[in-house]
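Visitor: following is a predicted model, sequence given first.
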Amino acid sequence: MKKRKINIIIILMLTFLQIFLLRNKDIEKKNYTSECIMEKKAVKNIKDMDSELSLIKNLEIISYSKRDGKWIGRLIIEGSNNEVLEAFNKLKGYNINNYSIKYEENKLTLDLEIENI
C-alpha cells in the first residue's frame, strides 16, 4: 500500500511538471517576435531606369546594354536650349560615359550614353 501511494505521488508530480513545462513553452512562443530584414536594392534594372527616364520630357531611349554588371543606356534629348538643359539636370543619378551635341535651326540634340550609379 505504501508503494502504491509513492507511485501515485510520483506520477502526479511528473504530470504537473509536464503541464508546467508545456505552458512555459507556449508562453515563449507567444513572446517570440520575428525580425524582418529589409534590404534596399542598390542595383537598378532596366525597368527602374525606364520608369525614371520616362518621366523626363524630350527624352528618347535608343537602347540598353549591359557591361561589367551595370546597365548602359543610350539616350537622345531634343528641344530648345532650356528644354535640353532642364532634361539634362534630371539625370543626376547617372554617370555620363559619352556624349555628342548637335545644333541645327534652333534645335539642340544631345546624344548621351549613361550608366547607372
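Guide: Good, I have the coordinates.
Visitor: and L17, how close does it get to Y64?
Guide: From L17 over to Y64 the distance is 67 Å, taken as CB to CB, to the nearest Å. Every residue, glycine included, has its C-beta placed from N, CA and C.
Visitor: go on, F16?
Guide: Taking CB to CB, one finds F16 at 70 Å from Y64.
Visitor: more crowded one of these two?
Guide: Y64 (13 against 10; other CB atoms under 10 Å).
Visitor: tell me which element the more buried one is part of?
Guide: Element membership for Y64 (DSSP states H and E) is strand 59-67.
Visitor: what helices or strands is that strand leaning on?
Guide: Packed against strand 59-67, as judged by 3 or more CB pairs under 8 Å, 6 or more residues apart in numbering; DSSP states H and E, are the following elements: helix 46-53, strand 70-79.
Visitor: just the CA trace of stretch 86-102, in PDB.
Guide: Extracted C-alpha coordinates of stretch 86-102, given in PDB (Å, rounded to 0.1, in the frame of the first residue of the first chain):
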ATOM      1  CA  GLU A  86      16.200  71.000 -67.900                       C
ATOM      2  CA  ALA A  87      16.100  67.400 -69.000                       C
ATOM      3  CA  PHE A  88      19.900  67.000 -68.600                       C
ATOM      4  CA  ASN A  89      19.700  68.300 -65.000                       C
ATOM      5  CA  LYS A  90      17.200  65.400 -64.100                       C
ATOM      6  CA  LEU A  91      19.900  62.800 -64.900                       C
ATOM      7  CA  LYS A  92      21.800  63.400 -61.700                       C
ATOM      8  CA  GLY A  93      21.600  59.700 -60.600                       C
ATOM      9  CA  TYR A  94      23.600  58.600 -63.700                       C
ATOM     10  CA  ASN A  95      27.200  58.700 -64.900                       C
ATOM     11  CA  ILE A  96      27.700  60.000 -68.400                       C
ATOM     12  CA  ASN A  97      30.200  57.900 -70.300                       C
ATOM     13  CA  ASN A  98      29.900  59.500 -73.800                       C
ATOM     14  CA  TYR A  99      28.000  62.400 -75.400                       C
ATOM     15  CA  SER A 100      27.700  64.400 -78.600                       C
ATOM     16  CA  ILE A 101      25.900  67.700 -79.200                       C
ATOM     17  CA  LYS A 102      24.300  68.800 -82.400                       C
END
